[in-house]
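> Compute the structure for the input listed below.
(one chain, ligands or ions: 2)
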Amino acid sequence: MLIGLVGLPNKGKSTLFNALTGGSAQVANYPFTTIQPNEGVAFASSPCPHVALGLPKCDPNNSGCQNGIRKVPIRLLDVAGLVEGAHEGKGMGNQFLADLAQADALIVVADASGKTDDEGNPTTGHDPARDVRILEEELQAWFQSVVRKNALKNKGRPLKEFFTLLTGLKVSENDAAHIATDLELPEESSQWTKEEVHDYAERLRKISKPIVIAANKMDAAENRSAVLEVLQKRGYPVFATSAEMALAKQKAVKNGFADLDAASGKLVAKSEEPAIQKALDRINAFGDDGVQTMLDHVVFNSLKQIVAYPVEDEKKYANNFGKVLPDAFLLNQGATGKELAEKIHTDLASGFLYAIDARTKMRLGKDTALKTGDVVKIVSAK
Ligand SMILES: Nc1nc2c(ncn2[C@@H]2O[C@H](COP(=O)(O)OP(=O)(O)O)[C@@H](O)[C@H]2O)c(=O)[nH]1
Ligand SMILES: [Mg+2]
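Ligands and ions are numbered 1, 2, ... in the order given. Next up is the predicted model:
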């Protein structure tokens, strides 16, 4: 799972990236090993079943558990340089677009305070909807150029082969074909009109790169509800965020100035010093920084993921070494026990016999979809 942070310069992408990946060093084993310089590990959060099962604790291995919340790692990409004209190669734009092709979803970072212009220079009264529109136009132009290029390349060949060419954009051949049928496009892709290329690219973009908007720098916005309303008109989910507040909160805890009260999400001062108290009061007064809520929305709503927990010993909710709920896996909504087996190991999947719901100790039907929080024992011939 790869999520890209995109936006015009100085809107807060890197700050958001740092806020979301800050704690990543604390979790030892990620299910992926190669991490690019601008890539980090962030965490989708979901209630850990150890709480509802009344277990004293869990022993997370591929994930973390904080205050009863399971933290499932995902990859996050800070994509700088997606400026106006990027699709024509401006500012090494093509390279950034190539990085983005692998993303499953995008967070478009807008400056809700209106205090940075298109180039990232200080200003006042900048329309934050522009921050989204320019990005949208760049993404659209990029998708159009990819579609046009491959449509011409596929001249004289069956349309089926054109869909295969698009898989680099992380779109399934099924989805690519479905859109073409829906738009009633001609079989010969090199004959598609400009409008047909535009419409096809737009549908492809929306399905392969779902967007949410971070209305960032909300702490510095003058009229929060007005800004949100303007951004909501773009037609994507909008989240009021303050990456700066999120980072400040983490730093206050890390530096020993405060504890985080899990229930209220507020900082509790550990120091009597007025300057520190004042800084903490400011953070607490702002309230929810919105950053984690937004990421969870991307994973569980935009990308329709669930979290499932495989165990070998369903009576103890543990693996063979007695480790309780060691692993958490993200799966597509609708995934079955077999698909969970595929995520774990190819042997487990090829020898798959059936799955057991550890809560009920009952066999799951072959086609039964797993639910988020399910604890599952896979029974395999291998
Ligand atoms: N007030 C405020 N400033 C922010 C916030 N997020 C980022 N900034 C500031 O905006 C500037 C640009 O941030 P940066 O993350 O480097 O932007 P990028 O170019 O999009 O990566 C820096 O001075 C940040 O401190 C926020 O939530 N609130
Ligand atoms: Mg940056």
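> quick one: residue 14 from residue 216, how far?
Distance of residue 14 to residue 216, computed by C-beta to C-beta, to the nearest Å: 11 Å. Where you see a C-beta, it was placed from the backbone N, CA and C, and this is true even at glycine.
> meant to ask about residue 253, not that
For residue 253 relative to residue 216 (C-beta to C-beta), the value is 21 Å.
> ok, now residue 148?
Going from residue 148 to residue 216 by C-beta to C-beta gives 33 Å.
> Compare those two (neighbour count), which wins?
residue 216 (33 against 18; other C-beta atoms under 10 Å).
> and the stretch 1-150 of the chain, which of its residues are near ligand 2?
Residues of the stretch 1-150 of the chain lying near ligand 2 by C-beta under 5 Å from the ion: 13-14, 80.
> Tell me both backbone torsions, phi and psi, for the residue in the stretch 201-350 of the chain that ligand 2 sits nearest to.
Closest residue of the stretch 201-350 of the chain to ligand 2, C-beta to the ion: residue 243 (10.9 Å). The phi/psi pair for residue 243 (degrees, to the nearest 10) reads phi -60, psi -40.
> likewise residue 123?
With angles defined as degrees, to the nearest 10, residue 123 sits at phi -160, psi -170.
> mind checking how far it is from ligand 2?
The gap separating residue 123 from ligand 2 is 18 Å, by C-beta to the ion, to the nearest Å.
> near ligand 1, which residues of the protein?
7, 9-15, 216-217, 219-220, 242-244 (C-beta under 6 Å from any ligand atom).
> Can you select the buried ones from these in ChimeraX?
Paste this into ChimeraX to select the buried members of the residues of the chain next to ligand 1, with burial taken from 16 or more other C-beta atoms under 10 Å:
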select :7,9,10,11,12,13,15,216,217,219,242,243,244
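> Now go through the residues of the chain next to ligand 1 and say which are in strands.
residue 216 (DSSP state E).
> Which two among the residues of the chain next to ligand 1 are spaced furthest apart?
By the measure C-beta to C-beta, 9 and 219 form the most distant pair in the residues of the chain next to ligand 1, at 19.6 Å.
> Number of residues surrounding residue 156?
So residue 156, with other C-beta under 10 Å, has 7 neighbours.
> separation between it and ligand 2?
Separation of residue 156 from ligand 2 (C-beta to the ion): 44 Å.
> got a list of what that residue touches?
Listed by C-beta atoms under 8 Å, 6 or more residues apart in numbering, the contact set of residue 156 reads 188, 190.
> And the pLDDT at it?
The model reports residue 156 with a pLDDT of 96.
> Is it correct that it falls within a strand?
No - the assignment for residue 156, made by DSSP: H, G, I helix; E, B strand; the rest coil, is coil rather than a strand.
> ok, so what distance separates it from residue 188?
For residue 156, the distance to residue 188 - C-beta to C-beta - is 8 Å.
> same thing with residue 38?
From residue 38 over to residue 188 the distance is 40 Å, taken as C-beta to C-beta.
> Burial check on the closest residue in space to residue 7 that isn't next to it in sequence, number of neighbours?
Nearest non-adjacent residue to residue 7, counting by C-beta to C-beta, 6 or more residues apart in numbering: residue 109, 3.4 Å away. By other C-beta under 10 Å, 29 other residues sit near residue 109.
> So which helix or strand of this protein has the lowest pLDDT on average?
Using mean pLDDT, DSSP states H and E, the weakest-scoring helix or strand in the chain turns out to be helix 93-100, at a mean of 73.
> how does the chain divide into domains?
2-213, 304-380 (automatic domain parsing).
> Kindly check the end-to-end length of the last one for me.
By that I understand domain 304-380. 27 Å (C-alpha to C-alpha, to the nearest Å).
> Note down every partner strand of the helix or strand hosting residue 46 and its orientation.
Secondary structure assigned from DSSP states H and E places residue 46 in strand 39-47. Pairing partners of strand 39-47, with direction, according to DSSP bridges: strand 69-78 (antiparallel).
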